[in-house]
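Colleague: give me a model of this one.
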Amino acid sequence: MIRACFVTFVIGVYILILGPPLLLYMLLTGNSDPVYAAGKRGARLALWLAGVHLEVSGLEKFPRDRTVVFMANHQGNCDPPALLAILPTVSIVAKKEFFRIPILNRAMLARGFIPVDRKHREAAIAAVNQAVRSLQAGHSFLVFPEGTRSRDGRLQPLKKGVFIMAMKVGAPILPVSISGSSKIMAKGKFVIHPGRVRITVHDPVPTEGHTLDDRQLIMDRVRQALLAGLAPEECPLG
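Modeller: Below you'll find the predicted structure:
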C-alpha cells in the first residue's frame with residue numbers, strides 16, 4: 001500500500017504542476033499535442049515508480065496509413081498507462097469515473113477521449129456514435145471490449161458496442177493481449193506489486209466489407225487473438 005500511495009502522490013503532483021500551464025497553452029493555441037505528450041511521460045513515470053517492466057512484441061503490426069481500433073483485455077490498473085506509453089497517438093473510450101479527476105478530465109476531453117456510462121444503455125450508445133464520428137475524422141481508438149477489469153485476471157466475455165463502432169467505419173481491429181498485470185494491481189486492491197507485464201500486438205482483424213450481421217465472427221476472431229497472448233491461468237475456465 002505504501003508504494004501505491006507514493007505513486008498516487010507523485011502522479012498527483014505531476015498533474016498539478018504541469019496540468020494548469022499546459023491547459024492554458026492549449027486554450028490559447030488550440031494545440032493539445034503538448035498535453036498528450038505530457039500524458040505519455042506521466043504514464044511512463046507511473047510505471048517506473050510502480051516497478052512495472054514492459055515486455056512488448058508486435059509493434060511493427062501497427063498500420064501507419066489509416067485509423068485503427070486497438071482492443072485490449074483488461075486485467076488491472078496498470079493497463080491504461082502501459083498502453084498509452086507504447087501505442088501511437090490514440091483516443092480512448094473510458095468509463096465516466098475517470099473524467100471526474102480535476103485537470104485530467106479537461107485534458108482527456110480536449111484530446112477526444114470519450115466517457116461512457118456503462119449503466120445506461122442510451123448513454124453507452126451515444127458514446128459509441130461519438131466514437132464512430134471521431135474514427136471517421138481520422139482518430140484511432142483504444143478500447144477495452146470486456147467493459148471492465150477482470151477480478152481474477154481471466155479473459156471475460158467481450159461487449160458488442162465497441163465492435164459496432166469499428167465495423168460501422170470499416171476500421172481494422174488490432175487485438176492487444178495484456179498478460180501479468182493482474183499480479184501488479186488487481187481490481188479492488190490498492191496495492192502495487194512490482195513485476196513484468198507482457199503486451200502482445202496481434203495481426204489486424206479486418207472489418208471492411210463486413211456487415212453488422214458478421215459481428216459475432218469478428219468478435220470470435222478478436223477473442224481468439226487475445227487468448228493467444230495470455231497465460232493458461234488467464235484464460236476462461238471451461
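Colleague: going forward, measure contacts and count neighbours with C-alpha atoms only.
Modeller: Will do.
Colleague: which residues touch the lowest-mean-pLDDT helix or strand in the chain?
Modeller: Least confident helix or strand, the chain: helix 104-110 with a mean of 77, by mean pLDDT, DSSP states H and E. With contacts defined as C-alpha atoms under 8 Å, 6 or more residues apart in numbering, helix 104-110 is touched by 15, 19, 23, 32, 35-36, 98-99, 114.
Colleague: drop anything exposed from the residues you listed.
Modeller: Buried by 16 or more other C-alpha atoms under 10 Å: 15, 19, 23, 32, 35-36, 99, 114, out of those.
Colleague: okay, the contacts of helix 104-110 in TSV with secondary structure, pLDDT and distance to residue 220 next?
Modeller: Formatted as TSV, the contacts of helix 104-110 follow (DSSP: H, G, I helix; E, B strand; the rest coil; pLDDT from 0 to 100; distance: C-alpha to C-alpha, whole Å):
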residue	secondary structure	pLDDT	distance to residue 220
15	helix	87	39
19	helix	85	41
23	helix	86	41
32	coil	85	36
35	helix	88	36
36	helix	89	33
98	helix	68	29
99	helix	74	31
114	strand	82	25
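Colleague: now, which of those residues sits nearest residue 187?
Modeller: Lowest distance from residue 187 to these (C-alpha to C-alpha) belongs to residue 98, with 15.1 Å.
Colleague: low-confidence ranges in the chain?
Modeller: For the chain, residues meeting the criterion pLDDT under 70 lie at 98, 118, 238.
Colleague: tell me where it has strands.
Modeller: 52-57, 69-72, 91-95, 114-116, 141-143, 173-179, 195-201 (DSSP state E).
Colleague: show me what contacts residue 23?
Modeller: 32, 35, 106-107.
Colleague: now residue 2
Modeller: Contacts of residue 2 (C-alpha under 8 Å, 6+ apart): residue 191.
Colleague: with residue 54 instead?
Modeller: Residue 54 sits next to 82, 196-199 when contact means C-alpha under 8 Å, 6+ apart.
Colleague: switch the cut-off to 10 Å
Modeller: Residue 54 is in contact with 47-48, 82-83, 85-86, 180-181, 195-199, counting by C-alpha atoms under 10 Å, 6 or more residues apart in numbering.
Colleague: what's the answer for residue 64, then?
Modeller: Taking C-alpha under 10 Å, 6+ apart, we find residue 64 in contact with residue 88.
Colleague: quick one: it from residue 133, how far?
Modeller: Distance, residue 64 to residue 133, using C-alpha to C-alpha, to the nearest Å: 20 Å.
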